[in-house]
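Asks: how would this look folded up:
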Amino acid sequence: MTPRLTHFAINTDDVGATQEFYGSVFGWQFRDYGPAGFVQILDETGETPMGSIQQRRQLLEDAPTLGFECTFGVEDVDATIADIVAAGGKILMEKSTIPGVGHLVAFQDPGGNPALVMQYDTSAS
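Replies: Residues are numbered from 1 along each chain as shown. This next block holds a predicted model:
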């Protein structure tokens, strides 16, 4: 079973470009919500919020807030790698196999945020 995230925030300097990237790669839908520079990421029904993309803020005095670390379950990690690169992302860690778990790839979106995708496969070796 693919884990389900209940909420996450993606911090970025360019909300529109980041929204376009994730819409292209994962087919996400969005709606403006709250303050300027903040959009909700909606689930597959287009109704329920599951996260947000927001204008980068600086929570730490000496560093901007950079992204999130989440793993997204995907059906086909190789196809997702191609989608990531085509949408302007960068592969940070090539596909690796975790025996009995699946195939994992780390990537960076155009906003500089790292994330992971996992094709879960209990027979992976």
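Asks: helix or strand right after whichever helix in the chain runs longest?
Replies: In the chain, with assignment by DSSP state H, the single longest helix is helix 15-26. Using DSSP states H and E, the helix or strand that follows helix 15-26 towards the C-terminus is strand 29-32.
Asks: Just list what that next one packs against, helices and strands only.
Replies: helix 15-26, strand 38-42 (3 or more C-beta pairs under 8 Å, 6 or more residues apart in numbering; DSSP states H and E). C-betas here are computed from N, CA, C, even on glycine.
Asks: hmm, try it at 7 Å
Replies: With contacts taken as 3 or more C-beta pairs under 7 Å, 6 or more residues apart in numbering; DSSP states H and E, strand 29-32 sits against strand 38-42.
Asks: quick one: buried residues of the strand it packs on?
Replies: 39-42 (16 or more other C-beta atoms under 10 Å).
Asks: can you give me the helices for the chain?
Replies: Using DSSP H, helices in the chain cover 15-26, 77-86.
Asks: neighbours of Asp13, just the number please.
Replies: Neighbour count for Asp13, taken as other C-beta atoms under 10 Å: 12.
Asks: Would you agree it is in contact with Gln58?
Replies: No: counting by C-beta atoms under 7 Å, Asp13 stays clear of Gln58, with 11.5 Å between them.
Asks: Who are the contact partners of the closest residue to Ile91 other than its chain neighbours?
Replies: Excluding the flanking residues, the one nearest Ile91 by C-beta to C-beta, 6 or more residues apart in numbering is Phe107, at 5.4 Å. For Phe107, the contact set (C-beta atoms under 7 Å, 6 or more residues apart in numbering) comprises 84, 89-92, 115.
Asks: Turn those into a markdown table, including pLDDT, neighbour count and distance to Tyr22.
Replies: Output for the contacts of Phe107, formatted as a markdown table (pLDDT from 0 to 100; neighbours: other C-beta atoms under 10 Å; distance: C-beta to C-beta, whole Å):
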| residue | pLDDT | neighbour count | distance to Tyr22 |
| --- | --- | --- | --- |
| Ile84 | 96 | 22 | 10 |
| Gly89 | 96 | 22 | 10 |
| Lys90 | 93 | 13 | 15 |
| Ile91 | 95 | 13 | 16 |
| Leu92 | 91 | 12 | 17 |
| Ala115 | 86 | 21 | 10 |
